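**Q** fold the following for me, if possible:
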Amino acid sequence: MSELSNDAVGFAPLAPPTVWQGWDAFVHRAPAPARDAADSAWSQAEREDYHSELAVMRTPAMDSVFTAVRRLLLVNRRQQAGARRGLIISGPATTGKTTTMMALGRSFQLADARQHPGQAERRPVLFISVPPAATPKMLVSEFARFLGMPLTDRLNQTQITGAVCDLLCELGTQLVLIDDVHLLDTQRRAGAETSDQLKYLGERIPATFVYSAIDVETSSLLSGVRGAQIAGRFKIFRHRPWRMRPGRIGRSGTTSCAPWKTCSGCAHTARAAWSNTPPTCTPAPPAGSAASPTSSAKPPSLPSPKAPNGSPSSC
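**A** This next block holds a predicted model:
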């Protein structure tokens, strides 16, 4: 097995996060600072690059996901074997589920790096996406690809699975993020076997698993005996589009307008605008009209991460 590289230098800026070098670059890449749009030294290309990197802002859904995962990490800390608890982020398409999960992994890895300084060989987070029409060997090969393990056609599923599990244990992986699990059709043989492979990996790897799926409640993943096992081990978090409802009182005793103002202020700070008009609280459109745009969120800390330059991160 070849030695794992700890350096993301040399990879394309947009390398996929489903390989370690791309993921590590995503975690440690500092966002470009906002500048005055009237600054003559700011070229048009620099402006386009800045605005193409969308800001990640905090929403109540993001806070809830982080709180749930933090508790699961504590519950699973002493679980040596057997059924560990996990989380499924489920919701409609384009509501920020993948963004939420990636921000979760980024915050956790930064916190882990502070707790284990000088241990660059650690891989505290693994992030993959379920390939279409996945088989058990295709799924575990995605794990191996993230880790940079060389694969040959001569290796069978059992050999790859054993090598992946052993390496993840050695590298201290504690959080496994798997996107697009709704692609697993357990009504087909390949999908059912791949679901069993996920269950086996969850028992072999001492980590907390977090899935992301489109409306998993209506998919075949939670049907039958296999679905009952998944539903019993995983908590489902419903990731809905975020809309402001003026006048509605939340559990904290504040109206839903308050978090919307906070998020609007973050967006206003991040954007490079000609004016400095403070954000306002505008009611959501009535039912039946076009939905208000949803925004992804920057997570609370696990504990609160700091930016690469050492300063505390903010929304």
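
**Q** for the stretch 51-200 of the chain, which spans come out with low pLDDT?
**A** 81-82 (pLDDT under 70).

**Q** show me what the strand or helix carrying Val69 is packed against.
**A** Assigned by DSSP states H and E, Val69 belongs to helix 60-76. Other helices and strands packing on helix 60-76, by 3 or more Cβ pairs under 8 Å, 6 or more residues apart in numbering; DSSP states H and E, are strand 86-91, helix 97-115, strand 208-214, strand 234-238. Where you see a C-beta, it was placed from the backbone N, CA and C, and this is true even at glycine.

**Q** next one, pLDDT for the residue lying farthest from the centre of the chain please.
**A** Most distant from the centre of the chain: Ser40, at 37.2 Å, with distances by Cα atoms, centre = their mean. At Ser40, the model reports a pLDDT of 80.

**Q** what's the answer for the one 10 residues further on, then?
**A** Here, the pLDDT recorded for Tyr50 equals 78.

**Q** what's the closest non-adjacent residue to it?
**A** Leaving aside its chain neighbours, Tyr50 sits nearest to Ala32 (5.1 Å; criterion: Cβ to Cβ, 6 or more residues apart in numbering).

**Q** tell me the SS of that neighbour?
**A** coil (DSSP: H, G, I helix; E, B strand; the rest coil).

**Q** tell me if Tyr50 really is in a helix.
**A** Yes: under three-state DSSP, Tyr50 falls within a helix.

**Q** now do the contacts for the spatially most central residue of the chain.
**A** Centroid-nearest residue in the chain: Met101, 1.6 Å away (criterion: Cα atoms, centre = their mean). Neighbouring residues of Met101 by Cβ atoms under 8 Å, 6 or more residues apart in numbering: Ile89, Phe127, Leu177, Asp179, Val210, Ser212.

**Q** contacts for stretch 224-243?
**A** 59-61, 64-65, 68, 72, 83-92, 95-97, 100, 186, 192, 195-196, 199, 202, 209, 211, 216-217, 220-222, 284, 291-292, 294-295.

**Q** make a ChimeraX selection of the buried ones in those residues.
**A** In ChimeraX, this line selects whichever of the contacts of stretch 224-243 come out buried by 16 or more other Cβ atoms under 10 Å:
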select :59,61,65,68,72,84,85,86,87,88,89,90,91,95,96,97,100,186,192,195,199,202,209,211,216,220,221,222,284,294,295
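
**Q** and the helix or strand in which Gln229 is found, how far out from the chain middle?
**A** For Gln229, the host element (DSSP H and E) is helix 224-233. From the chain centre to the centre of helix 224-233 is a distance of 23 Å (Cα atoms, centre = their mean, to the nearest Å).

**Q** so Arg122 touches His116, yeah?
**A** Yes: Arg122 lies in contact with His116 (Cβ atoms under 8 Å); the separation is 5.9 Å.

**Q** for the protein, what spans make up the helices?
**A** In the chain, the helices defined using DSSP state H lie at 20-28, 44-52, 60-76, 97-115, 136-147, 157-170, 189-204, 224-233, 257-270.

**Q** ok, which of these comes nearest Asp36?
**A** helix 44-52 (11.0 Å; Cβ to Cβ).

**Q** now the closest one - C-alpha only, PDB.
**A** Output of helix 44-52 as PDB, limited to C-alpha atoms (Å, rounded to 0.1, in the frame of the first residue of the first chain):
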ATOM      1  CA  GLN A  44     -13.200  42.100 -13.000                       C
ATOM      2  CA  ALA A  45     -11.800  38.600 -12.900                       C
ATOM      3  CA  GLU A  46     -11.200  38.900  -9.200                       C
ATOM      4  CA  ARG A  47     -14.700  40.100  -8.600                       C
ATOM      5  CA  GLU A  48     -16.100  37.100 -10.600                       C
ATOM      6  CA  ASP A  49     -14.000  34.700  -8.700                       C
ATOM      7  CA  TYR A  50     -15.100  36.200  -5.400                       C
ATOM      8  CA  HIS A  51     -18.800  36.000  -6.200                       C
ATOM      9  CA  SER A  52     -18.600  32.500  -7.700                       C
END
